[in-house]
Structures are given as C-alpha cells and as structure tokens.
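Based on what follows, work out the 3D shape:
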Amino acid sequence: MVTFNYFGYLPTRFHSENEDILRVQKLIFDFKSGVRDAVYFASHMIINSFRHSYGSKAEQFCFVCAPCSTQAKYDRRFKMFSSILSSKLGGADASSHVHIIGYRESLHNTPNHLANEDNYRVVLDNDFFAGRKVIIFDDLMTTGTTSNRFADMLTDAGAEVAGAM
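Take a look at the predicted model:
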C-alpha cells in the first residue's frame with residue numbers, strides 16, 4: 001500500500017525541547033481530542049495536497065479513517081474531519097460506515113506497539129464500501145499495522161484501497 005506522511009512524529013515518551021517537534025505533537029494531540037482548529041488545519045492541509053495531486057479526480061476517492069480504540073473516540077476524532085473532506089473534495093463520507101464494538105486497549109509504550117483486542121471488533125458496512133476507491137487516513141502511523149489490517153478489511157468488503165495518509 002502506498003502511504004504519504006505529513007509530519008515526522010516523536011512520541012512524548014522521548015522528551016524534546018525542539019519547537020517544531022513540540023508543535024507537531026500539539027497538533028496531533030489536539031486533532032485526536034477533536035479541537036476544532038487542529039481538525040480544520042489537518043483537513044485543509046489534506047484537501048490542498050489531494051487537490052494538487054488529483055485535481056478533479058479527487059471526487060472519485062472516498063476517505064476512510066482507520067479505526068481507533070472505541071466508537072466514541074472514532075467519532076470525536078473523525079466525524080467533523082470526514083465531513084469536511086467529503087464536502088470539499090466531493091467524495092462520500094465514510095465515517096458512519098465504520099462501527100467499532102468494544103474497546104481496544106492500546107499498549108503504545110511498548111517497542112512492538114501491541115494492543116489487547118480481546119473485547120474489540122471493527123465492523124464495516126460492506127454495501128457502502130463495495131466498489132469504492134478508498135484512501136485510508138490514520139492520524140498516527142507507528143508500524144503501519146492498523147492501516148494494513150484495515151486495508152485488508154476494506155478489500156474484503158469490496159473496496160479498492162488506493163493508499164494511506
């Protein structure tokens with residue numbers, strides 16, 4: 001899967017005084033918390049780069065955000081973001097077609113980026129995704145495992161995964 005990254009990210013467990021690193025960390029945490037300014041900034045950054053790359057063909061793609069630990073977090077992080085992307089680029093809004101059941105306990109502080117998924121499941125609306133060209137958006141990619149697993153799920157649902165951001 002082709003991926004495009006906007007920022008290098010240094011996890012907060014590695015202390016830094018560098019203002020650029022701190023600015024990126026703040027943007028990511030604000031985005032994850034649903035802070036309006038961060039969501040607008042990220043949305044418009046992606047819209048501009050996507051329009052630059054694909055022009056009028058941008059509307060052929062559907063952006064879908066990679067699942068996070070709970071449905072509530074998914075909605076907080078991505079509902080507004082997905083709505084802005086779909087309205088400005090002309091593609092379908094996929095946010096209400098990804099359903100997270102239960103809770104995934106993230107263990108980000110381990111070297112292998114493990115997660116406990118015993119009580120966790122992601123369910124896709126297969127009818128919605130069948131035949132769509134999708135771009136996966138992941139707010140933070142560490143190993144790529146979440147995006148790659150999600151790409152497999154989308155492919156199984158009949159989508160054509162064009163890449164990830």
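
Please enumerate the helices of this protein.
Ranges of helices in the chain, per DSSP state H, are 19-32, 36-54, 71-89, 126-129, 145-156.

of all those, which lies closest to residue 8?
When these are compared by Cβ to Cβ, helix 19-32 sits nearest residue 8, at 7.4 Å. Yep, even glycine has a C-beta here, placed from its N, CA and C like the rest.

mean confidence score for that closest one?
If you average the pLDDT over helix 19-32, you get 88.

The helices of the chain into a markdown table, with extra columns for mean neighbour count and distance to residue 105?
Shown next, in a markdown table, are those (neighbours: other Cβ atoms under 10 Å; distance: least, Cβ to Cβ, whole Å):
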| stretch | mean neighbour count | distance to residue 105 |
| --- | --- | --- |
| helix 19-32 | 15 | 17 |
| helix 36-54 | 15 | 25 |
| helix 71-89 | 18 | 13 |
| helix 126-129 | 16 | 27 |
| helix 145-156 | 17 | 14 |
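
possible to save those as JSON lines with distance to residue 119?
Formatted as JSON lines, these follow (distance: least, Cβ to Cβ, whole Å):
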{"stretch": "helix 19-32", "distance to residue 119": "22"}
{"stretch": "helix 36-54", "distance to residue 119": "29"}
{"stretch": "helix 71-89", "distance to residue 119": "13"}
{"stretch": "helix 126-129", "distance to residue 119": "23"}
{"stretch": "helix 145-156", "distance to residue 119": "17"}
